[in-house]
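Student: Pasting a predicted model and its sequence here:
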Amino acid sequence: MEREQSVAPHGGEIPRFGSPTDAERYDVGAPDDTEMAEQRAEGATGRSGIGRAIREIVETVVLAAVIFVAVRAVVLNFKVDGPSMMPSLVNEEMLLVNRNLYFHFDQNDLWNLLPGDDREGEDIVYPFHPPERGDIIVFDPPTLVPSSQPYIKRVIGMPGDVIEVRNGNVLVNDIELDEPYIASGITECTTDRFCGPTTVPEGTVYVMGDNRSNSTDSRVFGPVPVDDIIGKAWLTYWPMSLFDLVPHYDYPELSE
């Protein structure tokens with residue numbers, strides 16, 4: 001007797017015992033390829049996010065270091081110590097000092113590096129400008145005074161000027177200065193060596209504090225070599241109530 005052959009609906013075969021069904025093949029509890037790809041992407045994203053954060057931190061630190069070095073190459077901070085520049089500057093006032101403004105070099109030293117005859121003497125060049133009368137400058141302490149701290153004073157005399165203190169006034173090239181910035185209005189001097197008449201040598205400047213009755217300056221230690229100047233006082237930044245540009249001064253009576 002022949003066995004009847006079973007036929008699946010729509011012409012399909014009935015699944016044999018032990019073979020996976022469609023439900024088993026597509027078990028909702030097992031992750032499919034899309035889910036696995038998403039999980040891998042999420043893991044890669046997390047790792048790349050950490051790496052990117054570390055890279056940004058390193059870049060920020062490097063950039064901050066570069067900016068710090070660049071700023072320090074241009075300006076220095078300086079604290080006024082004492083009352084010698086009152087009333088223009090007060091004790092413990094914090095300043096920024098432009099250290100490159102007076103940069104200079106001997107041009108002959110460069111020319112002498114080339115083959116040929118050497119040039120004699122000096123040919124000093126200031127890419128910006130040399131110290132000017134009325135500038136408030138910071139400079140290394142003179143060798144005649146027992147101090148290791150920089151000084152801050154105002155430039156009164158330039159190279160070639162004849163400086164004299166007479167009857168409580170300062171004269172430059174026999175012209176009396178109008179000095180509205182000084183504290184007492186009177187300039188005294190206890191030595192004839194630097195109080196005049198004295199000629200300011202080349203490569204130096206004559207300086208005084210604005211508080212003439214309480215200032216150790218060129219009246220005591222003489223003119224200051226330009227090479228000893230650290231820079232020009234530029235900006236007061238502390239205390240904030242004094243935030244402003246440092247008050248320099250021009251002398252119209254000497255330009256007439």
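Tutor: Noted; the coordinates are in hand. Numbers count the residues shown, from 1 in each chain.
Student: quick one, domains of the chain?
Tutor: Per the record, the chain has its domains at 32-71, 80-255, by automatic domain parsing.
Student: Where among those is average confidence lowest?
Tutor: Note on the domains of the chain: domain 32-71 shows the lowest mean pLDDT, a mean of 67.
Student: Buried deepest among the domains of the chain, which one?
Tutor: domain 80-255 (a mean of 16; mean count of other CB atoms under 10 Å). (C-beta placed from N, C-alpha, C; glycine too.)
Student: pretty sure R166 contacts G196?
Tutor: Yes - at 7.5 Å, R166 and G196 qualify as touching, with contact defined as CB atoms under 8 Å.
Student: Pull up the pairing partners for the strand ranked longest in the chain, direction included.
Tutor: Assignment by DSSP state E gives strand 229-238 as the longest strand of the chain. Sheet pairing for strand 229-238, assigned by DSSP bridges, gives strand 94-98 (antiparallel), strand 136-139 (antiparallel), strand 244-245 (antiparallel).
Student: gap between it and the chain center?
Tutor: Here strand 229-238 is found 10 Å from its chain centre; the criterion is CA atoms, centre = their mean, to the nearest Å.
Student: export it as PDB, just CAs?
Tutor: The C-alpha coordinates for strand 229-238 follow below in PDB (Å, rounded to 0.1, in the frame of the first residue of the first chain):
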ATOM      1  CA  ILE A 229      67.700  99.300  31.400                       C
ATOM      2  CA  ILE A 230      65.200  96.500  31.700                       C
ATOM      3  CA  GLY A 231      62.300  98.300  30.000                       C
ATOM      4  CA  LYS A 232      59.700 101.000  30.000                       C
ATOM      5  CA  ALA A 233      56.900 101.000  32.500                       C
ATOM      6  CA  TRP A 234      53.700 100.600  30.500                       C
ATOM      7  CA  LEU A 235      50.600  99.700  32.400                       C
ATOM      8  CA  THR A 236      49.400  99.700  36.000                       C
ATOM      9  CA  TYR A 237      47.200  96.600  36.600                       C
ATOM     10  CA  TRP A 238      47.000  96.400  40.400                       C
END
